[in-house]
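Q: sequence and predicted structure, then a few things I'm wondering about:
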Amino acid sequence: MTQVAEQLTIRIDRDFSQTPGSRNKDEGAFSGEEFLNAILLPKFEQAEKEGTTLLIDLDGVEGYATSFLEEAFGGLARLHDPKRVLKILEFKSYDEPLLIDEITSYINEATA
Amino acid sequence: MDRSYCQVVIGVNIKKCKYFRRLTPERTLLLKKNSKEVQRKTEWRVYRRRKRRKLYETRRNIRRNERKYRQPRSRMKINHFKRREARLKLPAKFSFIQNPEEVLRFFGELRKHAENNTDVVLDFADVQTLTPDVIPLLCAKVVVFAGRINVHGNRPRKKELDQMLLESGFYKLVGISRQKPRNALLEMHREKIVMPLIAADARRLTAEKTFGDPELHLQPLYRTLIECMANTQKHADSQPSRISWWLSVYHDPLTRVTSFSFCDAGVGIFKSTKIKKLAKFAMTVGFWKNKDILKRILDGKIESSTGLHYRGKGLPKIYSDYKNKSIKRLFIVANDVFADFDGGTFIELKNQLNGTFLYWEIFP
């Protein structure tokens, strides 16, 4: 009997901040770059290693700037294969469902 | 001849006198008045007196001259340090979204005075209309010029306008220390970096005062604020964290509308390097003007000043939030373009704005 690895989860409001900021660290606090390096990338690599998916819970925050989302998820797609990123990542956004399409487009356009 | 007599008469040491041997009483008497020694002595005294007098006069003249020349010199000094002062009347309709040309002309005059090192007295007395959108611009300009010149002035006659300036912190900025009221309708913020907490506070204030629910999610508003702050880093200057941005949040208790004004004193959108080159090309061909470029930026058809294809999505997102009616009454002013999206007008301004200005409202 094969054991299925448990799905990994990132709740941005709990694990990172309720007030995400802009793109780079030098622009201000809670940037996309900070989120990518501190949380998203290690968890993604862990999920990839364990052969499981990574659920990103986008709810519970004040909002997301385009630069934050692009740097975090587009940045991840620039480090890893965009198709692989889309395969591993799963999104949950009840507050603003359109965010999922937006993030998907950033991942697809990251290396275009 | 009695030596002692002679000594008394002449009044000098007789032994040292070379005419001593030839002295007779007659001669002695003569010597008393006309002898060379006496004459020489008298001359010497006169000479010394004259010399003293001359010295005294010289010193006196020096003193007089010093007094004479010190005064004009000190006057020159006063003239040097005494600053020129000009009185600058504010437009009666001091509103950037309603009267942009007049307001920009006023800021142009303020700049001219700053360049000429002339202190400015701002005359608010005749201001009839003052809208919250113009206050961050005014503060930004005053702070930019405050390093060069002193800016002070009077207060508006209308009490509500005076109250608005007080709440904005403008008076504190120009050195008038007055206590800011606790329940202020106008909040002013000035920073150099992206401040998510300020955006979150503004969202909370809007949710509470406009919609009556402080926990209401207003993601487009928060996003717009963060995009504006981030754009300051991109459009204001090539080096980050050098240019301040100003944000005013004003809540009208009658209409329950919350209005946001955001400005920076950077180079503006069109002077960003990448766009500048493209604009130059389009302008030489004669196709585009700045207003056409702004339209293309908002539609996402012009890439970012960084040259990276995945950047430059901030302004298009603000525009799309406006089109989705998440934010209303959007105005964008950049350099010589005044865009009123509700009116659908893109006006070319005669007087330029150095920087970028955004205004929008949130309705209940």
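A: Yes, it's here.
Q: CA only for contacts and neighbour counts going forward, please
A: OK.
Q: beta partners of the residue of the stretch 51-200 of chain B found nearest chain A?
A: In the stretch 51-200 of chain B, the residue that lies nearest chain A is residue B:194 (4.7 Å; CA to the nearest CA). Beta-bridge partners recorded for residue B:194 (DSSP bridges): residue A:28.
Q: so what's it up against?
A: A:21-22, A:27-29, B:226, B:229-230 (CA atoms under 8 Å, 6 or more residues apart in numbering or on different chains).
Q: out of these, who's the most crowded?
A: Using other CA atoms under 10 Å in any protein chain shown as the neighbour criterion, residue A:21 leads the contacts of residue B:194 with 35 neighbours.
Q: distance of the spatially most central residue of chain A from residue A:98?
A: Closest to where the C-alpha atoms of chain A average out (CA atoms, centre = their mean) is residue A:73, at 5.0 Å. Per CA to CA, to the nearest Å, residue A:73 is found 15 Å from residue A:98.
Q: near chain A, which residues of chain B?
A: For chain B, the residues in contact with chain A (CA under 8 Å from any CA of the partner chain) are B:193-197, B:200, B:217-220, B:222-224, B:226-227, B:230, B:233, B:240-241, B:310-311, B:313-314, B:317.
Q: drop anything exposed from these.
A: Neighbour counting with 16 or more other CA atoms under 10 Å in any protein chain shown marks B:193-197, B:200, B:217-220, B:222-224, B:226-227, B:230, B:233, B:240-241, B:310-311, B:313-314, B:317 as buried within the residues of chain B next to chain A.
Q: contact partners for the closest residue to chain A within the stretch 201-350 of chain B?
A: For the stretch 201-350 of chain B, the residue closest to chain A is residue B:219, as judged by CA to the nearest CA, at 4.4 Å. When contacts are counted by CA under 8 Å, 6+ apart, residue B:219 touches A:62-64, A:96.
Q: again, only this time at 7 Å
A: A:62-63 (CA atoms under 7 Å, 6 or more residues apart in numbering or on different chains).
Q: so where's chain A shaky on pLDDT?
A: A:1-5, A:112 (pLDDT under 70).
Q: which residues in chain A form helices?
A: For chain A, applying DSSP state H gives helices covering A:32-35, A:41-50, A:66-69, A:75-79, A:82-88, A:98-109.
Q: which one of those helices lies nearest to residue B:141?
A: Checking the helices of chain A against residue B:141 by CA to CA gives helix A:66-69 as the closest, at 28.6 Å.
Q: so where is chain B shaky, pLDDT-wise?
A: Ranges of chain B meeting pLDDT under 70: B:1-24, B:26-39, B:67-82, B:177-184, B:233-242, B:271-280, B:282-284, B:286, B:303-310.
Q: ok, the longest strand belonging to it: who's next to it in the sheet?
A: For chain B, the strand reaching the highest residue count under DSSP state E is reported as strand B:345-362. Strand B:345-362 pairs in its sheet with strand B:258-264 (antiparallel), strand B:328-340 (antiparallel), by DSSP bridges.
Q: will you turn those strands into a markdown table that also has mean neighbour count and distance to residue A:78?
A: Output for the strands paired with strand B:345-362, formatted as a markdown table (neighbours: other CA atoms under 10 Å in any protein chain shown; distance: least, CA to CA, whole Å):
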| stretch | mean neighbour count | distance to residue A:78 |
| --- | --- | --- |
| strand B:258-264 | 25 | 32 |
| strand B:328-340 | 21 | 33 |
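Q: which of these sits closest to residue A:103?
A: Of all the strands paired with strand B:345-362, strand B:328-340 comes closest under CA to CA, at 25.1 Å.
Q: re the thing from before, so how far is the longest strand of chain B off the chain centroid?
A: 23 Å (CA atoms, centre = their mean, to the nearest Å).
Q: got a list of contacts for it?
A: Outside strand B:345-362, the residues that touch it by CA under 7 Å, 6+ apart are B:101, B:104-105, B:133, B:236, B:257-269, B:291, B:327-340.
Q: mind listing what's buried in it?
A: Buried, per 16+ other CA under 10 Å, within strand B:345-362: B:346, B:348-349, B:351-362.
Q: list just the nearest of these to residue A:68.
A: Distances from residue A:68 to those, taken by CA to CA, are shortest for residue B:358, at 20.8 Å.
Q: just grab the bridge partners of that closest one for me.
A: residue B:262, residue B:332.
Q: how far away is it from residue B:227?
A: Distance from residue B:358 to residue B:227, by CA to CA: 11 Å.
Q: report the contact partners of residue A:58.
A: Here residue A:58 is in contact with A:11-12, A:92-93 (CA under 7 Å, 6+ apart).
Q: can you give me the end-to-end span of stretch B:247-265?
A: With CA to CA, one end of stretch B:247-265 sits 12 Å from the other.
Q: what about it, distance to the chain center?
A: 26 Å.
Q: who touches that stretch?
A: In contact with stretch B:247-265 (CA under 7 Å, 6+ apart) are residues B:132-133, B:136-137, B:140, B:185-190, B:206, B:209-210, B:232, B:236, B:243-246, B:354-364.
Q: among these, which ones are buried?
A: Here, 16+ other CA under 10 Å leaves B:132-133, B:136-137, B:140, B:185-190, B:206, B:209-210, B:232, B:236, B:243-246, B:354-363 buried among those.
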